[in-house]
Every structure is written in structure tokens, then in C-alpha cells.
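[1] Sequence and predicted model, in that order:
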Amino acid sequence: MISVPEALFIISSIHYAPVSKNVFLKNAKKLTLSKDIASPMHMPPFRQSAMDGYALLMHPENTNVYQIIGEVKAGDTANYRLKPGQGVRIFTGARVPDDADTIVIQEHVSRSDDTIIINKEIHKNQNIRPVGEQIKKGDCALVKGTTLTPAAIGFLAGLGINKVDVYVPPKVAIITTGNELVAPGEALYDGKIYESNSIQLEAVLEQLSIKNITKYKVQDEYQKTKKTIQEAIQSNDLVLISGGISVGDYDFVKQALQELNTEELFYKIKQKPGKPLFFGKNGSSLIFALPGNPASSLTCFYIYVLPVIEKMLGTFNTGLTRTMKIITTDFIKKGDRAQFLKAKVHNEQVEILEGQSSAMLYTYAIANALVYIPEAINKVSKGNEVETILLPS
């Protein structure tokens, strides 16, 4: 059995080389860039009006009366020739005439026919966006490892970029074990329970934009367990096994992994919940055998599986955000294992929730954080800071 820090160190030491492919920008949402992107153009590509108003060539005598000789809307290509004391009506986003050296906003102007009177002091280059103000041609627009959010996609589209190189999300298998499990919607007989682990794991994977997911259901029988795990390993980059990893008479996962020559990287962590967690490697596939209890399974996913998936996705992330928050009540830890407690953050404070059983998902459903209590700490007093792991919204 190893400690939480030791397990995290092993996770951080894993090397994974994700595969890259070229895709249309519109299909790249939440994917990760596998190459730096250089801007193919200046942005803006011309001097651009930042406001609705009047583009002027300032008069050397600082007059506040100007003659208006035309109009430029966004998208117009006209380039008016201006003399000192002349200007054009202009709108936000429009190309500023080469001769204009300032823009006065319409709220600071009184107009009569083709003449305006400016009622506020003006300065050169005000309200003009210079060429390349946002980015210059050849500069790095986004670096390798950047996750393509809607804003990032919009930014690249504005540079005229239509295709990007991204990392291919991993193929993931989810294997659920257990004779007692039935699918939601089916009849529930005595001794049976509804299966939720594969559903919650699939949901959190899809939240990470992983769509290539294969689900397997296997009964508590050794040969079937071994065959299913072997098939999953051969066809997937990551295999998540739910249940069957403990030491009961019908827990066959560990034995099957051994017989399939899986390299064990660690097995069992000195923590609560989630002690019987297995992490290993078989060929190019990485394997996590997660506890069967739903809350334990989800906690192990967030703490250990997520950082591995982020490596597979090629992101800069290293797991969920950790911060320090003030605990609202005293907490006394039972036993000598580290604990991950379902909690709720309120501004700078964090509340430990009732219902910490590894089988209880209700508390998880209303939690927005986990509080980590290291194995060396037995008691935390109200008002002290505790390490708080923020759950994804």
C-alpha cells in the first residue's frame, strides 16, 4: 500500500505521446493544439475605428469646426483623401482613411449639414486601432497545448484559419463487473441494484470531450472477466474497470490483470475512500481498476485518472484546481488513512457535508469540492485552512 503523494508522483511520471491530426476548426471544440499556430495576418489588418463618430485630419490651428466630406461604414473600401480640417462620418470596425489621424466620438460632436463642431479636446490617434494591435503577422497566435475554447476558436476564425492540428482524444473502455447490477429502467429484483458507475464515468469523460467510449458489462466469472479485459486492452488507450478489484471470493480483476501480463504501477492507496485502486500498463494501454462503490470510484477518477487523461489530451493541466479554504466546523479524522471529503465551498469557506460513505452519491451530487486531509493530520479546528479541491461544474 502506498501513500497519496506516492501515487500522485507515479501518475505524474507517466509518459504518454498523444497522436495528432489535422481537423476543421469548427470540429475542434475542447480539443488541444498539437502545434503552435502562427498568425497568417495582422489583426486588425487595417487601421480600424474603435467607435462610431468622425475620422478627422486634425487642423494645425486646433480648430473645433470640421467639414465632413463622406461616410465610411464597416466593410467599405473607400479611402477618402482629406485636407486639414476635413473628416468623414465613420462607424465601429470601419477602415480609417489613410489621411485621418484621430476619431472623435459622435457624443462629443454637434452636426449641422456637412459641418461639425467638436465640444471636447481631441488628440492624435484616439479611438483608432492600429494595424496589428491584437496580433502581428507571424507572431504566435496560440501555443501547442492550448485547449480550444469557444473564444479560442473565434480568435482563430478571425485570423482566417480554417484547419488546425490537434491531439486525438484517447479511446476509452469502461468495464463494469458484478452480478448484482442491472441497467436503469429495467426491473429491480431482490438482491439487485441499479448500475451507475459506467454512466457517471461516461458523463465525466464526455465532459472532457472524449467521445470514443466502449462500454462492457461482465458477470463475476473469471474467464469472462479475463477475456473482456483482454479485448478492452487490445482496442483502447485507456481502460477503466469498475469493481472486482478487492479481495473477495468473486473479485477476479486483479488475477486477470496479472495473467494478462499487466505491469502493476501501484495497487492500494492509504486513503479513504478508494483504498483498493489499481493502476497499471499493458502494451500501449493504461489501466485503472476503480473501486465498485460509486463515490469511491468518482473520487479516484478525479484525483488519479483525470491527470492521466489530461496527458493523453496533451493539455497543460495537471488535475483539478487546489486551493486553501477556511473550514466551517471542527473535523476529527477516524483511522490513519488520508481522506477526501465531499464538501461545499462558499466564497472563502468550505463546509464538510454529511454523508461521507463511499456508497453515497447524493452528497456528491450537491458537492462542489473535496477537502483533502493528509494521513498525518487527525484533527482540523474550525477556522483553520484546509486543502480544497474544486470539482468541475
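    Sure, I can see it. Numbers count the residues shown, from 1 in each chain.
[2] Now stretch 113-133: buried residues?
    Ile116, Ile118, Ile122, Asn127, Ile128, Arg129, Gly132 (16 or more other Cβ atoms under 10 Å). Placement of C-beta: from N, CA and C, glycine included.
[3] In the residues you listed, which has the lowest confidence score?
    When those are compared by pLDDT, Ile122 scores lowest at 94.
[4] packing partners for the lowest-mean-pLDDT helix or strand in the chain?
    In the chain, no helix or strand scores lower on mean pLDDT, DSSP states H and E than strand 181-182, which sits at a mean of 74. Strand 181-182 is packed against strand 193-194, with contacts defined by 3 or more Cβ pairs under 8 Å, 6 or more residues apart in numbering; DSSP states H and E.
[5] list the helices and strands the strand it packs on packs on?
    So strand 193-194, by 3+ Cβ pairs under 8 Å, 6+ apart, packs with strand 181-182.
[6] List the neighbouring strands of the strand it packs on plus their orientation.
    strand 193-194 (parallel) (DSSP bridges).
[7] Low-confidence stretches in the stretch 251-393 of the chain?
    Scanning the stretch 251-393 of the chain for pLDDT under 70 picks out no residues.
[8] 90 instead?
    Scanning the stretch 251-393 of the chain for pLDDT under 90 picks out 251-252, 292-293, 316-318, 334, 355, 357-361, 393.
[9] residue ranges for the strands of it, please.
    263-267, 271-272, 278-282, 285-290, 322-327, 331-332, 338-346, 349-352, 369-373, 379-380, 385-390 (DSSP state E, counting those that start in this stretch).
[10] mind listing what's buried in the first one?
    Just to be clear, that refers to strand 263-267. So for strand 263-267, counting by 16+ other Cβ under 10 Å, buried means Leu265, Phe266, Tyr267.
[11] residues in contact with Ala157?
    The contact partners of Ala157, by Cβ atoms under 8 Å, 6 or more residues apart in numbering, come to Leu25.
[12] quick check: mean pLDDT across the helix or strand containing it?
    Ala157 belongs to helix 150-158 when assigned by DSSP states H and E. Helix 150-158 shows a mean pLDDT of 97 in the predicted model.
[13] so how far is that helix from its chain's centroid?
    Mean-position distance between helix 150-158 and its chain equals 16 Å (Cα atoms, centre = their mean, to the nearest Å).
[14] which parts of it are buried?
    Quick answer for helix 150-158 (16+ other Cβ under 10 Å): Ala152, Ile153, Phe155, Leu156.
[15] just checking, the third one touches Leu142?
    Yes: using Cβ atoms under 8 Å, Phe155 and Leu142 qualify as a contacting pair, with a distance of 7.4 Å.
[16] Check which element follows the helix holding Ala157 along the chain.
    Assigned by DSSP H and E, the successor of helix 150-158 is strand 163-167.
[17] elements contacting that next one?
    strand 20-24.
[18] Just checking: what are the partner strands of the strand it packs on?
    Strand 20-24 has the following strand partners under DSSP bridges: strand 163-167 (antiparallel).
[19] Return the distance of the strand it pairs with from the chain's centre.
    Worked out by Cα atoms, centre = their mean, strand 163-167 lies 17 Å from the chain centre.
[20] Output stretch 224-235 as PDB, restricted to C-alpha atoms.
    C-alpha atoms of stretch 224-235 as PDB (Å, rounded to 0.1, in the frame of the first residue of the first chain):
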ATOM      1  CA  LYS A 224     -15.300 -14.000 -18.900                       C
ATOM      2  CA  THR A 225     -13.600 -11.200 -16.800                       C
ATOM      3  CA  LYS A 226     -10.200 -12.000 -18.300                       C
ATOM      4  CA  LYS A 227     -11.500 -12.200 -21.900                       C
ATOM      5  CA  THR A 228     -13.300  -8.900 -21.600                       C
ATOM      6  CA  ILE A 229     -10.300  -7.100 -20.100                       C
ATOM      7  CA  GLN A 230      -8.100  -8.500 -22.800                       C
ATOM      8  CA  GLU A 231     -10.400  -7.300 -25.500                       C
ATOM      9  CA  ALA A 232     -10.600  -3.900 -24.000                       C
ATOM     10  CA  ILE A 233      -6.800  -3.600 -23.600                       C
ATOM     11  CA  GLN A 234      -6.300  -4.500 -27.300                       C
ATOM     12  CA  SER A 235      -8.700  -1.900 -28.600                       C
END
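[21] buried stuff in the lengthiest helix in the chain?
    In the chain, ranked by residue count with DSSP state H as the criterion, the top helix is helix 222-235. Within helix 222-235, the residues that qualify as buried are Thr225, Lys226, Thr228, Ile229, Ala232, Ile233, counting by 16+ other Cβ under 10 Å.
[22] I'd like to check which residues are in contact with the last one.
    Residues in contact with Ile233, defined by Cβ under 8 Å, 6+ apart, are Ala173, Val239, Leu260, Thr262, Asn282, Gly283, Ser285, Ile287.
[23] Those into CSV, with extra columns for distance to Asn317?
    Shown next, in CSV, are the contacts of Ile233 (distance: Cβ to Cβ, whole Å):
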residue, distance to Asn317
Ala173, 23
Val239, 22
Leu260, 31
Thr262, 27
Asn282, 25
Gly283, 26
Ser285, 22
Ile287, 22
